[in-house]
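In: what's the 3D shape of this:
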Amino acid sequence: MKNLILSLLALSVAFVSCKKEATFDDQLVGNWISTNVKIKGVDVTSTNTVVLNIQSSHEFDADVTTKVVIGEPVVSSYTGIWTADEVKQEITLKYDNSSEEKYDVTSLTDKVMKATVVVNNERREFVFEKNVE
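Out: Take a look at the predicted model:
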């Protein structure tokens, strides 16, 4: 009986230590909030915020808030599907309006993602933090 209990204990420890390592896709899933935004090298964090919700179903939604000089902030909302290329460390957002953007993920941890994209010949750099509730 003692040997059976020790064997079961060893087996349970083996299962815990064999925890599946998160894939690139797994790490991308979550609600990300921009903490730093640069457009063409200029820091626009104080006037631009991006909230990006990447879902495990490969759908996404994004809200881009732009503060204007006079009036209320302007919020633009987007939805679509996403795909990822772990080898290239890229995420592609395919918007419902059929346009798409490829983001180079330059750094990714369980809490912070750094990514860049070129839109209309403008290089945009983002630092996102995962919102953990």
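
In: show me where this structure has helices.
Out: 2-17, 24-28 (DSSP state H).

In: weakest of those in terms of mean pLDDT?
Out: Per-stretch mean pLDDT for the helices of the chain is lowest at helix 2-17 (a mean of 48).

In: how about the most centrally placed residue in the chain, nearest residue that isn't a chain neighbour?
Out: Nearest residue to the geometric centre of the chain (CA atoms, centre = their mean): L28, 4.4 Å. Closest residue in space to L28, ignoring its immediate chain neighbours: I54 at 5.2 Å, by CB to CB, 6 or more residues apart in numbering. In this view, the C-beta of every residue, glycine as well, is placed from N, C-alpha and C.

In: my read: the one you found touches G30, true?
Out: Yes - in this structure, I54 is within contact of G30 by CB atoms under 8 Å, at 6.2 Å.

In: more neighbours, these two?
Out: Taking neighbours as other CB atoms under 10 Å, I54 and G30 compare with I54 leading, 24 against 19.

In: contact partners for the more buried one?
Out: By CB atoms under 8 Å, 6 or more residues apart in numbering, the residues touching I54 are L28, V29, G30, N31, W32, F60, W82, I91.

In: and the closest residue in space to the fifth one that isn't next to it in sequence, how many residues sit next to it?
Out: On the basis of CB to CB, 6+ apart, the spatially nearest residue to W32 that is not a chain neighbour turns out to be F128, at 3.8 Å. Burial of F128 is recorded as 24 neighbouring residues (other CB under 10 Å).

In: would you quantify the distance from F128 to I33?
Out: Per CB to CB, to the nearest Å, F128 is found 6 Å from I33.

In: just S99 next, same as before
Out: 23 Å.

In: what do you get for E86?
Out: Taken as CB to CB, the span from E86 to I33 is 24 Å.

In: residues contacting stretch 74-82, please?
Out: Against stretch 74-82 from outside (CB under 8 Å, 6+ apart): 28, 54, 58-66, 68, 91-96.

In: could you do stretch 120-133 as well?
Out: Counting by CB under 8 Å, 6+ apart, 30-41, 50, 52, 103, 110-118 sit against stretch 120-133.
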